[in-house]
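Participant: My questions are about this predicted structure, shown below with the sequence.
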Amino acid sequence: MTTEQLVAQIYKKKSFLCIGLDTDLEKVPSHLLEEEDPIFAFNKAIIDATHDICVSYKPNIAFYEAYGIKGWQALEKTIRYLNENFPEQFTIADAKRGDIGNTSTRYAKAFLEDLQFDSVTIAPYMGKDSVEPFLAFKDKHTILLALTSNVGAFDFQTKLVDGKELYKTVLETSKSYENSENLMYVVGATKAEYLKEIRQIVPDSFLLVPGVGAQGGSLKDVCENGMNDKVGLLINSSRGIIYASAESDFADAARHKALELQRQMAELL
Ligand SMILES: O=c1ccn([C@@H]2O[C@H](COP(=O)(O)O)[C@@H](O)[C@H]2O)c(=O)[nH]1
């Protein structure tokens, strides 16, 4: 999917909501555990209940890897279900990969070519040759961790290196990578006060912003500081939406929570 197509979806739905499919069998309603593939059954119900009010889904790959081959099969079914039925959804493999070049190429093939995600999250720590293999895929997007939502972000990302915060160096340096127009960045909603400075470095890039809901970030603060003239934001919420209820009404409850966010977004557009 191109960035222009994503922007068109955002204006059409008045939503820049990304729903995180962090599917945990200890949290899904117990009746689903009787299904042949409870992870996919849960994801399908959430997608069917919410696809008209969000523009993106983000399965976090850890939640699938944790269940071995069955987890991977559920992930494959989920992305196939999305691509076949809701191709307008921007899909994110939240995998946080990145390795030496030839290995990064295999990761990129796995998520962008084989599984056909629109994008994949990447850790920038190994530098240019670990990121560029992902950027080589046309109409796909590489979402680089810039300033993450967790407390540990202060261990390295905000530290001064050669007089500059490391996350700023990540943003600036990445702009010189080949095919850098395919870059997006992760900035945590819990770091909204940094967004104005981040926008000075990457005014036009899309930012994936996790951390509203369960982690306490504010949608209003993120929008006030981080929105650009093409919106430029995908706001992710996972637990706050998908685990709104652990009963048989879980999909309706998820829709209700997603609608609360979408209505706030519509007012901010
Ligand atoms: O800085 C980051 C980067 C990624 N995440 C991921 O986003 C979701 C957030 O889930 P919630 O349940 O809405 O808190 C999850 O998959 C994280 O691994 C992040 O939170 N912060």
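Facilitator: Thanks, I have the structure now.
Participant: List the contacts of residue 199.
Facilitator: Listed by Cβ atoms under 8 Å, 6 or more residues apart in numbering, the contact partners of residue 199 are 225-226, 228. C-betas here are computed from N, CA, C, even on glycine.
Participant: Skipping adjacent residues, who's closest to the closest residue to the ligand within the stretch 51-200 of the chain in space?
Facilitator: Closest approach of the stretch 51-200 of the chain to the ligand (Cβ to the nearest ligand atom) occurs at residue 148, with a separation of 3.1 Å. In space, not counting the residues next to it along the chain, residue 148 is nearest to residue 188; the distance is 5.3 Å by Cβ to Cβ, 6 or more residues apart in numbering.
Participant: tell me the contacts of residue 71?
Facilitator: With contacts taken as Cβ under 8 Å, 6+ apart, residue 71 has the following neighbours: 39, 63-65.
Participant: what comes up buried for stretch 191-209?
Facilitator: Of the residues in stretch 191-209, those buried under the neighbour-count criterion (16 or more other Cβ atoms under 10 Å) are 191-192, 194-195, 198-199, 201-202, 205-209.
Participant: which one among these gets closest to residue 95?
Facilitator: Checking the buried residues of stretch 191-209 against residue 95 with Cβ to Cβ, the nearest one is residue 208 at 12.9 Å.
Participant: you'd agree residue 145 is in a helix?
Facilitator: No: the assignment for residue 145 by DSSP: H, G, I helix; E, B strand; the rest coil gives strand, which leaves it out of any helix.
Participant: Tally up the residues packed near it, please.
Facilitator: Around residue 145 there are 21 other residues, counting by other Cβ atoms under 10 Å.
Participant: Was I right to think it contacts residue 126?
Facilitator: No: using Cβ atoms under 8 Å, residue 145 is not in contact with residue 126; the gap is 11.8 Å.
Participant: who in the stretch 151-269 of the chain is up against the ligand?
Facilitator: 186, 188, 210-211, 213-215, 236-240 (Cβ under 6 Å from any ligand atom).
Participant: Who wins on neighbours among the residues you listed?
Facilitator: Neighbour counts for these were taken using other Cβ under 10 Å; the highest belongs to residue 236, with 29 neighbours.
Participant: tell me the SS of that one?
Facilitator: For residue 236, the secondary-structure state derived from three-state DSSP is strand.
Participant: Where do the helices of the chain begin and end?
Facilitator: Secondary structure of the chain, counting by DSSP state H: helices at 3-13, 38-50, 62-65, 68-85, 101-108, 128-135, 153-156, 166-174, 195-201, 219-226, 239-242, 250-268.
Participant: Need the contact partners of the fifth one.
Facilitator: The reference is to helix 101-108. By Cβ under 8 Å, 6+ apart, the surrounding residues in contact with helix 101-108 are 95, 97-99, 120, 129-134, 136-137.
Participant: Can you lay out those as a markdown table showing neighbour count?
Facilitator: As requested, the contacts of helix 101-108 are arranged in a markdown table below (neighbours: other Cβ atoms under 10 Å):
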| residue | neighbour count |
| --- | --- |
| 95 | 22 |
| 97 | 21 |
| 98 | 24 |
| 99 | 16 |
| 120 | 26 |
| 129 | 14 |
| 130 | 20 |
| 131 | 26 |
| 132 | 19 |
| 133 | 23 |
| 134 | 29 |
| 136 | 15 |
| 137 | 19 |
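Participant: So of those, which two are at opposite extremes in space?
Facilitator: With distances taken as Cβ to Cβ, the most widely separated pair in the contacts of helix 101-108 is 95 and 129, at 18.2 Å.
Participant: re the thing from before, same list (the helices of the chain) but as TSV, adding distance to residue 182 and mean pLDDT.
Facilitator: Compiled in TSV, those are given as follows (distance: least, Cβ to Cβ, whole Å; pLDDT from 0 to 100):
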stretch	distance to residue 182	mean pLDDT
helix 3-13	9	98
helix 38-50	26	98
helix 62-65	24	98
helix 68-85	19	98
helix 101-108	11	98
helix 128-135	5	98
helix 153-156	24	98
helix 166-174	11	98
helix 195-201	17	98
helix 219-226	20	97
helix 239-242	28	97
helix 250-268	25	97
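Participant: would CSV of those with distance to residue 91 be doable?
Facilitator: Formatted as CSV, those follow (distance: least, Cβ to Cβ, whole Å):
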stretch, distance to residue 91
helix 3-13, 11
helix 38-50, 11
helix 62-65, 14
helix 68-85, 6
helix 101-108, 15
helix 128-135, 15
helix 153-156, 25
helix 166-174, 22
helix 195-201, 24
helix 219-226, 22
helix 239-242, 16
helix 250-268, 17
